[in-house]
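Engineer: Any chance you can model this:
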Amino acid sequence: MMGVPRFVHLLPLPLPLRILPMTHSAYPAPPRPTIDDLDPESATTDRLIAMVHSHRTGEDYPTPEQLLVNLPVVLRALCDHPLSGEATALDAAYRLASIIDAVEGCQEPPDPSQRMH
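Structural biologist: I've put the predicted structure just below:
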């Protein structure tokens, strides 16, 4: 076998030995924090909103019109969730923080000349 290099495999390699294309990361993305990672004693509305905001990274916020149209449905779901008996206070607060983040995210930042100091 003079014409065949020594390290050529004629059979497919098992998956762990295959070289993955560069589009695949060698390391998985770190898990994103969830409400289970929060200490209920130190949870605050601002921390929950920051967590929701980080979960929405790369997503478009709804328009004010979309928010207004969907608000009754969202609020009913928010009310039904604790009534189901399956929600913790932290879970209900996270869902409310999600609504706050959506409302704040769809608003345009105030004009710097109109900010109050």
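Engineer: Please make it C-alpha for all contacts and neighbour counts, starting now.
Structural biologist: Fine.
Engineer: Now name the helix or strand holding the closest residue in space to Ala87 that isn't next to it in sequence.
Structural biologist: Nearest residue to Ala87, sequence neighbours excluded (Cα to Cα, 6 or more residues apart in numbering): His81, at 6.2 Å. For His81, the host element (DSSP states H and E) is helix 64-83.
Engineer: in that helix, what's buried?
Structural biologist: Leu67, Leu78, His81 (16 or more other Cα atoms under 10 Å).
Engineer: tell me the mean pLDDT over it?
Structural biologist: The average pLDDT within helix 64-83 is 93.
Engineer: mind listing the helices for the chain?
Structural biologist: 45-55, 64-83, 89-106 (DSSP state H).
Engineer: CSV for the ones you listed, including distance to Asp39?
Structural biologist: Below are the helices of the chain laid out as CSV (distance: least, Cα to Cα, whole Å):
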stretch, distance to Asp39
helix 45-55, 11
helix 64-83, 20
helix 89-106, 10
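Engineer: For Arg32, which of these is the nearest?
Structural biologist: helix 45-55 (7.6 Å; Cα to Cα).
Engineer: if we can go back for a sec, from the buried residues of helix 64-83, which single one is nearest Thr57?
Structural biologist: The closest of those, once distances to Thr57 are taken by Cα to Cα, is Leu67, at 18.4 Å.
Engineer: dump the residue contacts of the closest one.
Structural biologist: Ala102, Val103 (Cα atoms under 8 Å, 6 or more residues apart in numbering).
Engineer: Could you measure from it over to Ala87?
Structural biologist: In this structure, Leu67 and Ala87 are 24 Å apart, going by Cα to Cα, to the nearest Å.
Engineer: can you check Val103 too?
Structural biologist: In terms of Cα to Cα, Val103 sits 23 Å off from Ala87.
Engineer: more crowded one of these two?
Structural biologist: Val103 (16 against 13; other Cα atoms under 10 Å).
Engineer: How confident was the prediction at the more buried one?
Structural biologist: For Val103, the model assigns a pLDDT of 92.
Engineer: Asp36 too?
Structural biologist: pLDDT, Asp36: 84.
Engineer: burial count for it?
Structural biologist: If we define neighbours as other Cα under 10 Å, then Asp36 has 9 of them.
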